[in-house]
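> Sequence first, then the predicted structure, then my questions.
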Amino acid sequence: MKPSRIVWGATLGTLLAACSQAPTLKLPDVSVAADYKEAAPWRTAQPADQLPREGWWSLFGDPELNALEQRLVQHSPDLAAALARYQQAKASTDQLRAAELPTLGTSLSLQRNRQSERKPLRVLGPLSPNEYDAHTLSLNLDYELDLWGRVRDQVANGVALDQAALADLASARLSLQAQLAETYLLLRGLDRDAALLADAEAAYGKARDLIQRRHDGGVSSGLDLARAEAQLAATRSQGRQSQAQRAVAEHAIAALIGESASSYSLPAQLTAIPLPQVPAGLPSALLQRRPDIAAAQRRVAAANASVGVARAAVFPTVMLSASGGFQTSDIGHFIAAPNTFWAIGPALVMNLFDGGRRRAETARAEAVLDEAGARYRGVVITAFQQVEDSLALLQHYGDAAEEETTAVNAAQRSLDIANARYKEGAASYLEVVTSQTATLQAQRSALDLSTRQRRASVQLIRALGGGWAASTNSLAQRQE
């Protein structure tokens, strides 16, 4: 067997035996309870953040909200910036992938040279010409033999970061969609609150006019008139405050969908928005759908691959190079057999002493892996907290809403009785004012609880990774 074949066989065998220096990927353990404290038991799930999460806002049955969410996806500047960040990560990964393939290049040089008459070791001595042509056409091939897995670990790091950036994009999208839904629900709650205050203001205005006439006729006291005027002014003030809050919410919606707050407006809507029903056992989907957990997990994988890159740096780099082409001083006979040249062979490069730089880089990469693992644990723990918070809010707000409904009915009965007693002269106007104030406060509290429930449902959807209606079947099939 020829010596060249022996060299190539040994090189190929070494290449096939190459292995990565990255440690075995192991995600940090996270303490998980057997049940959610605020809901039914859940089942351990596998990450599936690629499952569809679009359209969850349709659970609220509001066409205007559906249209706004579509405009958010199309025109949000924050979402466009997140998409650009993902595209940067993807391009970086493509650059890393290029290192797995050979590099092929060509060069053409057409030169006219003059050499010094006193050039040391001048070729042919004084017989060589002072001026001559040198024309070269070459083709060069370079390929790094990835014996220690350095290139593969670099690509693995890039792919993991690419996937993490994609999950970040999904997380940013979900966050903006949830923020828009919450703001919209707040605005609609303020619409109903403003309407309630406007009705109360009209009623209190009529009552003030009645007291004014009774006072002018000597039937009612100045104290009754002052109380009626104070109540009317206070209600007007509450109405203006509600309008201010609505304006701020409307401006926030405009910014989210990429519109100017100066020219954007949403007409008032008094129709009650339905409260979505949470399916039993749904929290089992938490770890499957949340893109921020997936992003944290993939950053652990990226940091793990970086450790392999750092460890591989202590081994030599083996490059396989080949070049060939034509070289002549006679451009008229450039491409001819006598003008050919070529060179082929491996090259080995290794640092014998670097003052501990590679060892320090390995330590840094391992510390980054520890940080990524800690961040992963933190994201998972926070995710469970957010689900618990949302479930608790929904449950306790629901109980409070039932009690508030009872309070509204009782306050209305109290107001009816106070009005009847005042008309009969059996009670002062203070009783009427007190009952009116209590009734209005109970009605506003009921509206506020209704809005809080709906916003808490959005928070639960966000905590679960983007709803449940579109993917419950998919999740169940993956768990079977």
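Alright, I've got the coordinates. Residues are numbered from 1 along each chain as shown.

> drop to CA atoms for contacts and neighbour counts, all remaining ones
Noted.

> Hmm, E404 is touching A442, no?
Yes - when contacts are counted by Cα atoms under 8 Å, E404 is listed as touching A442 (6.8 Å).

> Need the residues touching each of these two.
Residues touching both E404 and A442 (Cα atoms under 8 Å, 6 or more residues apart in numbering): there are none.

> quick one: the strands in the protein?
Using DSSP state E, the strands of the chain run over 103-114, 131-145, 317-328, 340-349.

> any chance of the ones you listed in CSV, with distance to G378, mean pLDDT and mean neighbour count too?
Listed next are these as CSV, based on distance: least, Cα to Cα, whole Å; pLDDT from 0 to 100; neighbours: other Cα atoms under 10 Å:
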stretch, distance to G378, mean pLDDT, mean neighbour count
strand 103-114, 43, 91, 12
strand 131-145, 39, 90, 16
strand 317-328, 38, 91, 18
strand 340-349, 42, 90, 12
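
> so where do the helices sit in this protein?
Ranges of helices in the chain, per DSSP state H, are 3-16, 63-75, 77-98, 150-216, 222-256, 286-289, 291-312, 357-423, 429-463, 472-479.

> JSON lines please, covering these and showing mean pLDDT and mean neighbour count.
Shown next, in JSON lines, are the helices of the chain (pLDDT from 0 to 100; neighbours: other Cα atoms under 10 Å):
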{"stretch": "helix 3-16", "mean pLDDT": "47", "mean neighbour count": "12"}
{"stretch": "helix 63-75", "mean pLDDT": "93", "mean neighbour count": "16"}
{"stretch": "helix 77-98", "mean pLDDT": "89", "mean neighbour count": "17"}
{"stretch": "helix 150-216", "mean pLDDT": "91", "mean neighbour count": "21"}
{"stretch": "helix 222-256", "mean pLDDT": "93", "mean neighbour count": "18"}
{"stretch": "helix 286-289", "mean pLDDT": "64", "mean neighbour count": "25"}
{"stretch": "helix 291-312", "mean pLDDT": "91", "mean neighbour count": "26"}
{"stretch": "helix 357-423", "mean pLDDT": "91", "mean neighbour count": "17"}
{"stretch": "helix 429-463", "mean pLDDT": "91", "mean neighbour count": "21"}
{"stretch": "helix 472-479", "mean pLDDT": "38", "mean neighbour count": "12"}
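
> Go through those and name the closest to S138.
The minimum distance between S138 and the helices of the chain falls on helix 77-98, with 22.2 Å, by Cα to Cα.

> That closest one - contacts with which helices or strands?
In terms of contacts (3 or more Cα pairs under 8 Å, 6 or more residues apart in numbering; DSSP states H and E), helix 77-98 is packed against helix 150-216.

> now the helix it packs on against strand 131-145, angle please.
70 degrees (axes from the mean of the first three to the mean of the last three Cα atoms, to 10 degrees).

> Just give me how far helix 150-216 sits from the chain centre.
Between the centre of helix 150-216 and the centre of its host chain there is 18 Å, according to Cα atoms, centre = their mean, to the nearest Å.
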